[in-house]
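# next one to model:
(one chain, ligands or ions: 1)
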Amino acid sequence: MIIRKLHSAIPQRSAEELATEAARQTFARDGVVLLKQALHPEWVRLVELGIERVLKNDSPYKFTFYRGSEGEFMDATRNYQITPEFQQLLANSPIAELLARFMDSERAWLLFDHVFAKEGGRCNRTPWHQDVPYWPVAGSQLASMWISTNALPQDECLEFIKGSHLGPMYDGFDPSADDPTAPLYGEQYPRLPDIESEREKWDIVSWDIEPGDVIVFHPMALHGGGPTLRGSRRRALSVRCYGDDVVYAVRPGDRVTAPPTPGLSLALAPGDPLRHSYYPLLWERPR
Ligand SMILES: O=C(O)CCC(=O)C(=O)O
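Prediction:
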């Protein structure tokens with residue numbers, strides 16, 4: 001009861017208050033911005049509950065990186081459609097409007113949500129990558145929010161290369177290969193640089209994170225996820241949104257994008273606005 005009172009005494013800042021001019025400028029320049037204490041503890045609790053459900057549920061969109069090794073970790077996409085906690089979160093929290101404001105879009109659609117669970121205590125890094133090469137999208141109005149439900153030191157946080165959202169777009173990495181730069185498509189896009197082995201050459205940014213802090217980033221930004229170094233647990237939700245200017249795009253050789261979208265290519269031609277029942281409209285500026 002006391003905890004409830006304490007929680008409801010903390011106000012939730014509105015999307016307008018959170019998306020300050022300075023924060024939007026940082027996002028535009030660096031492709032990433034940390035918003036301290038952006039989410040009320042009630043929303044963080046809802047994220048925790050949703051992740052718990054995702055971990056218990058079976059789904060064809062669950063994938064284990066480095067399966068069978070000490071460093072394995074779980075990745076699950078498109079949970080929103082089967083996770084009422086995430087539906088509540090995205091209908092009622094400021095997240096969708098906040099992302100629309102960072103995208104400078106009148107509307108925000110959900111591309112998909114993505115849960116990462118590093119439970120083993122000594123889980124590997126998430127390799128450096130950009131997200132857009134995996135997705136069937138082109139356009140600039142894109143923004144994701146990474147929400148960790150655990151406090152994290154900087155070296156276990158998600159980290160970014162400042163300004164890399166401005167390009168180039170590299171090939172994805174192949175999650176089945178040991179080499180974190182092994183190309184996914186092997187054509188059309190340059191191979192990912194080996195950032196981890198020459199970290200000093202890159203302008204890397206990351207932060208100590210508390211529950212309630214969120215990272216808003218452009219999915220063209222090069223980023224990688226820290227390992228769990230201190231035997232800790234790290235559960236995170238990424239909410240991936242797009243705005244008005246985003247269109248359907250195909251990848252080399254019409255290769256399947258992630259998460260798979262059977263039927264999408266029958267409904268849309270490359271260049272069509274990305275409007276499809278896979279992608280719910282989450283927020284629209286009131287007229
Ligand atoms: O949490 C992680 O380790 C990876 C997150 C990530 O790559 C993303 O949200 O795009």
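# what does the chain have sitting close to the ligand?
Selection of the chain residues close to the ligand by CB under 6 Å from any ligand atom yields 114, 116, 126, 131, 144, 146, 158, 223, 225, 236, 238. For the C-beta atoms, the positions are set from N, CA and C on the backbone; glycine is no exception.
# what's around the first one, how many residues?
Residue 114: 22 surrounding residues under other CB atoms under 10 Å.
# how close does the spatially closest residue to residue 261 that is not a sequence neighbour sit to the ligand?
Nearest non-adjacent residue to residue 261, counting by CB to CB, 6 or more residues apart in numbering: residue 278, 5.6 Å away. Distance, residue 278 to the ligand, using CB to the nearest ligand atom, to the nearest Å: 18 Å.
# could I get stretch 46-56 in PDB with only the CA atoms?
Presented in PDB, the C-alpha positions along stretch 46-56 are these (Å, rounded to 0.1, in the frame of the first residue of the first chain):
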ATOM      1  CA  LEU A  46       3.900  -3.400 -16.900                       C
ATOM      2  CA  VAL A  47       7.000  -4.000 -19.000                       C
ATOM      3  CA  GLU A  48       8.300  -6.400 -16.400                       C
ATOM      4  CA  LEU A  49       5.000  -8.300 -16.400                       C
ATOM      5  CA  GLY A  50       4.900  -8.400 -20.200                       C
ATOM      6  CA  ILE A  51       8.500  -9.800 -20.300                       C
ATOM      7  CA  GLU A  52       7.600 -12.400 -17.800                       C
ATOM      8  CA  ARG A  53       4.700 -13.500 -20.000                       C
ATOM      9  CA  VAL A  54       7.000 -13.600 -23.100                       C
ATOM     10  CA  LEU A  55       9.600 -15.700 -21.200                       C
ATOM     11  CA  LYS A  56       6.900 -18.300 -20.200                       C
END
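# returning to what we had before: specify the local secondary structure of the residue nearest to residue 261.
What DSSP: H, G, I helix; E, B strand; the rest coil gives for residue 278 is coil.
# was I right about it contacting residue 260?
No - look at residue 278 against residue 260 with CB atoms under 8 Å: they stay out of range, at 10.2 Å.
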